[in-house]
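In: The following block contains a protein sequence and its predicted model.
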Amino acid sequence: AQGRSWDFLMKKDRVRAREQIEREKPFLLVGSPPCIYYSTLTQSNYSRMDPLKLARRKAEAKVLLHFAMQIYELHVRAGRHFLHEHPQSASSWQDSRMKKMLAHPRVNTVVAHLCQYGMKTVGDDGLWQPAKKATRFASSAEEVLRMLDRKCDGAHVHRHLTQGHAKHAAVYPPELCRAILKGIEQQRIREGCKRPSHAEKRVERGRGIY
């Protein structure tokens with residue numbers, strides 16, 4: 001905010017972020033806390049890692065995940081919305097606080113294959129190929145989940161996100177951003193909000209939200 005960086009491992013930044021969110025009351029918050037220490041690929045290498053460093057990293061990952069949960073819970077209690085994203089196979093979905101959130105009657109999930117939104121990664125051969133990246137989204141906004149509920153029909157070949165290829169799949173492709181924006185707008189309309197024509201055009205281009 002205003003050129004200042006955030007570090008949610010620091011309590012003062014978590015407090016500052018929560019205060020700003022409570023003050024500004026955004027319609028929907030998007031959260032994607034780091035998932036590296038919840039991923040099956042990283043967990044397969046745990047035996048090769050320094051135990052003390054691993055314990056610290058796992059504790060930090062839990063702090064960030066639970067801070068996101070805290071903000072989501074705050075938003076849902078206030079009648080607003082959130083969108084959370086982690087890989088479908090991430091162990092974070094088994095976290096006790098996560099399970100409690102998913103049990104809320106307003107919260108649902110869908111699994112999306114991100115190749116359907118233009119996600120690609122490049123291989124050692126320099127060629128780009130679709131990356132499936134099965135991703136689970138949780139949200140209190142039904143229209144957002146509806147826009148994200150797309151699966152691959154197997155019509156193309158995928159490049160596996162291993163051997164350093166995953167870094168290109170860490171960025172949301174424009175089509176995924178556009179789908180989220182459209183879902184937010186549909187949710188606002190569903191709840192009786194109106195949108196001006198200029199905002200609709202920007203949302204359609206994936207460059208704005210009203």
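Out: Received it, and whenever you're ready, just let me know what you need. Remember, predicted model here, so these are calculated numbers, not experimental data. Numbers count the residues shown, from 1 in each chain.
In: Show me where this structure has its helices.
Out: Under the criterion DSSP state H, helices of the chain are mapped to 11-24, 40-43, 51-77, 96-102, 142-148, 174-190, 197-204.
In: rank those helices by pLDDT, which is bottom?
Out: Note on these: lowest mean pLDDT is at helix 197-204, with a mean of 70.
In: on that earlier part again, most packed of the helices of the chain?
Out: Comparing the helices of the chain by mean neighbour count (mean count of other CB atoms under 10 Å), helix 142-148 ranks first with a mean of 21. The way it works is simple: take the backbone N, C-alpha and C, and place the C-beta from them, glycine included.
In: which strands and helices sit next to it?
Out: strand 108-113, strand 134-139, helix 174-190 (3 or more CB pairs under 8 Å, 6 or more residues apart in numbering; DSSP states H and E).
In: run the last query once more with 10 Å
Out: Using 3 or more CB pairs under 10 Å, 6 or more residues apart in numbering; DSSP states H and E, the elements in contact with helix 142-148 are strand 81-87, strand 108-113, strand 134-139, helix 174-190.
In: Which one, of the helices of the chain, ends up nearest to L83?
Out: helix 142-148 (5.7 Å; CB to CB).
In: Just give me how far the closest one sits from the chain centre.
Out: Distance of helix 142-148 from the chain centroid (CA atoms, centre = their mean, to the nearest Å) equals 13 Å.
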